[in-house]
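[1] Pasting the sequence and the predicted coordinates here, then a few questions.
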Amino acid sequence: MSPPITIVSVLKKIGADLVIEPEEEMAQKMAVRLVTPHLNDIMVLDSYFTIAEAEVPQKWEDRTLIDIDMRRKFGVTLLVIKNGGKVNASPTGDTLLRKGDTIVIGAPIFFSTSLCFRPVAFATINDAPCSLQIKVVSM
């Protein structure tokens, strides 16, 4: 049985290097958003890595990055801290997270407990099923 003919397959056969499917991308973002309302945004870079933006969890408020130790404990890397109009693109270990901060983290898609998320939702990215994590659990 031959694979179904799709607009994407036709465009690729005639030489398109990149085919953007806004409906599919938006559907994936909405699925993640519905499952993870605490995330402001999520960007899947490829089948292995994602960047997510979220409000600082209440349990992390008024704690330093050294104290939280998110890379070792959760397998994520803090990229940016935003608060109001200020952006800290190079936070240090003694940086204090505060109520109202927004954090941007990078992590492998298959992390199991990162930032209190657990694998529960599945989506298709590049025709390969992959876990998009995502259920809040207590720390």
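    Perfect, I can see it now.

[2] any idea where the helices of this structure begin and end?
    7-13, 22-35, 65-68, 70-74 (DSSP state H).

[3] Against which helices or strands is the first one packed?
    Just to be clear, that refers to helix 7-13. Packing contacts for helix 7-13, counted by 3 or more CB pairs under 8 Å, 6 or more residues apart in numbering; DSSP states H and E, involve no helix or strand. For glycine as for every other residue, the C-beta is placed from the backbone atoms N, C-alpha and C.

[4] Over to the longest one?
    In terms of contacts (3+ CB pairs under 8 Å, 6+ apart), helix 22-35 is packed against strand 39-44, strand 122-125.

[5] Can you point out the buried residues in that helix?
    Q28, K29, V32, V35 (16 or more other CB atoms under 10 Å).

[6] ok, now how distant is the second one from K86?
    Right, K29. 26 Å (CB to CB, to the nearest Å).

[7] can you pull the contacts of T102?
    For T102, the contacting residues are N40, E53, A54, E55, V56, I81, K82, N83, by CB atoms under 8 Å, 6 or more residues apart in numbering.

[8] Please name the bridge partners of it.
    Note on T102: beta-bridge partners E55, K82, judged by DSSP bridges.

[9] Show the pLDDT at it.
    Predicted confidence (pLDDT) for T102: 92.

[10] now swap in D41 and tell me
    77.

[11] Once you drop chain neighbours, what's closest to it?
    Leaving aside its sequence neighbours, D41 sits nearest to E53 (CB to CB, 6 or more residues apart in numbering; 4.5 Å).

[12] Report how many residues lie close to the one you found.
    E53: 16 surrounding residues under other CB atoms under 10 Å.

[13] all numbers from here: first residue = 43
    Okay, using 43 as the starting number, the last item reads as E95.

[14] That one and D143 touch, don't they?
    No: between E95 and D143 there is no contact, the gap being 11.1 Å when judged by CB atoms under 8 Å.

[15] ok, the contacts of T144 vs G135, which is closest?
    I123 (12.8 Å; CB to CB).
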